[in-house]
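In: Output the structure for:
(chains A and B)
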Amino acid sequence: LAKTTQPISMDSYEGQEVNITCSHNNIATNDYITWYQQFPSQGPRFIIQGYKTKVTNEVASLFIPADRKSSTLSLPRVSLSDTAVYYCLVEGSGYSTLTFGKGTMLLVSP
Amino acid sequence: DTEVTQTPKHLVMGMTNKKSLKCEQHMGHRAMYWYKQKAKKPPELMFVYSYEKLSINESVPSRFSPECPNSSLLNLHLHALQPEDSALYLCASSQGRLAGGDEQFFGPGTRLTVL
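Out: The predicted model follows:
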């Protein structure tokens, strides 16, 4: 079971780029890395997923180094509405590896 | 339709009551999940149904009883709960790709309070 470690909290200002790193030292060969965003009293929302190198979509980028022991979620030009908890999840085959990490509380200020 | 719906939004029940939570999706997903989330904690996986069969039961007490009547519906039957079971109960669904990398779509949750 790949355990994940993230910073508990991060602060930023509107318009800045935010990078949140997740450590997953014992990631398995078949595991994917997925990031979710959660607002208070709502269900998590999928942001991005990757296996290796770099993945980019309309809201974020995900950087995964060659050893895959960590990953970095990059949020370009954050706004106040990006204030939320961000979870890194390492997902393998089957469903027994679905353990959310403790999450990173991102606070974006004006 | 890319939505997972959950009813009710809020539920207050006594320790002797029997109630049910309902979850529905119409995305053709073949995997459905129940999570429990306490305040300021990450979601904890409770159950997974894959192709309408219970695949994962994360040592959940028997006072929680899941049911998957068909591929679009997921229920969680509650009986004789304890106050510490008060939490946000989240339902999610995914395509059911067993090889991994299966994006989950979450519902808004049911806020449960046990008195």
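In: check contacts around A:Lys69.
Out: A:Ser23, A:His24, A:Asn25, A:Ile27 (CB atoms under 8 Å, 6 or more residues apart in numbering or on different chains). Heads up, the C-betas are built off the backbone N, CA and C, glycines and all.
In: Would you agree B:Thr16 is in contact with B:Ala80?
Out: Yes - between B:Thr16 and B:Ala80 there is a contact at 6.8 Å, judged by CB atoms under 8 Å.
In: Compare the two (neighbour count), which wins?
Out: Regarding B:Thr16 and B:Ala80, a neighbour count based on other CB atoms under 10 Å in any protein chain shown identifies B:Ala80 as having more, with 14 against 8.
In: distance of the more buried one from B:Met15?
Out: 6 Å (CB to CB, to the nearest Å).
In: A:Ile64 now?
Out: For A:Ile64, the distance to B:Met15 - CB to CB - is 47 Å.
In: for the closest residue to chain B within chain A, helix, strand, or coil?
Out: Closest contact between chain A and chain B, by CB to the nearest CB, is at A:Gly43 (3.0 Å). Secondary structure assignment for A:Gly43 (DSSP: H, G, I helix; E, B strand; the rest coil): coil.
In: For the most centrally placed residue in chain B, I want the exact helix or strand it lies within.
Out: Central residue of chain B (CA atoms, centre = their mean): B:Trp34, 2.7 Å from the mean position. Per DSSP states H and E, B:Trp34 falls inside strand B:31-37.
In: what does chain A put close to chain B?
Out: Neighbours of chain B within chain A, by CB under 8 Å from any CB of the partner chain: A:30-32, A:34, A:36, A:41-46, A:49, A:51, A:87, A:91-96, A:98-103.
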